[in-house]
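Peer 1: model this:
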Amino acid sequence: MQSKSLNLGRFFKASAVLVVFTISISIPLGISFSVQESARNVRIMMDMRQIRDWAEVHQLGNKNYKGFEDNSELKRVFKDIEDMGGKAYIFVAGNYNSYCIKVDFKKGSRCIDNSGYIGKDNRVCSSYITRCN
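Peer 2: Residues are numbered from 1 along each chain as shown. Model (predicted):
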């Protein structure tokens, strides 16, 4: 009988050690994944600000946004966004006087347009409506 209680006691001790070990490993991993996701979102927002700046330089040099969607730097940043798990789209108005860029990623969409807006996409950025809200 004493042997069974010793085995039971060892089992509970081993179980307690296993639970403590699991918890001590899972908390840092959870924090790490959260920090990584936040860093990715910050990087995407930085890419979007960079795109906005390039668009304005393009507009100043050309008096409109015609051809901006073919910009090699824009394509590089779109590829960077895709590598981080997002998808970017650009829409330039038919008269070339406005644009919007929408970026979809896991936790929502972001949008920038020629008015300087950078923020949440209210689902209006398209080839028909080249603004974010």
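
Peer 1: use CA for all of it now, contacts and neighbours both
Peer 2: Will do.

Peer 1: got any ranges where this structure has weak pLDDT?
Peer 2: 1-9, 11-12, 14-35 (pLDDT under 70).

Peer 1: what about the helices in it?
Peer 2: Under the criterion DSSP state H, the chain contains helices at 2-62, 72-83.

Peer 1: Need the contact partners of the last one.
Peer 2: It refers to helix 72-83. Ile44, Asp47, Ile51, Glu69, Lys87, Ala88 (C-alpha atoms under 8 Å, 6 or more residues apart in numbering).

Peer 1: try it again with 6 Å
Peer 2: Applying C-alpha atoms under 6 Å, 6 or more residues apart in numbering, the external contacts of helix 72-83 come out as Ala88.

Peer 1: Can you give me the buried ones in it?
Peer 2: Leu74, Val77, Phe78, Asp80, Ile81, Glu82 (16 or more other C-alpha atoms under 10 Å).

Peer 1: Return the distance of it from the chain's centre.
Peer 2: Taking C-alpha atoms, centre = their mean, to the nearest Å, one finds helix 72-83 lying 13 Å from the centre of the chain it belongs to.

Peer 1: Could I get the CA-only coordinates of that helix as CSV?
Peer 2: Provided in CSV are the C-alpha atoms of helix 72-83 (Å, rounded to 0.1, in the frame of the first residue of the first chain):
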residue,chain,number,x,y,z
SER,A,72,10.0,49.7,-59.9
GLU,A,73,10.3,50.8,-56.2
LEU,A,74,6.6,50.5,-55.8
LYS,A,75,6.7,46.9,-57.1
ARG,A,76,9.6,46.1,-54.7
VAL,A,77,7.7,47.4,-51.7
PHE,A,78,4.6,45.4,-52.9
LYS,A,79,6.8,42.3,-53.0
ASP,A,80,8.1,43.1,-49.5
ILE,A,81,4.5,43.4,-48.2
GLU,A,82,3.7,40.0,-49.8
ASP,A,83,6.7,38.4,-48.2
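
Peer 1: returning to that earlier point: let me have the buried residues of helix 72-83 in CSV, extended by distance to Gln36.
Peer 2: Converted to CSV, the buried residues of helix 72-83 look like this (distance: C-alpha to C-alpha, whole Å):
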residue, distance to Gln36
Leu74, 24
Val77, 19
Phe78, 20
Asp80, 16
Ile81, 15
Glu82, 16
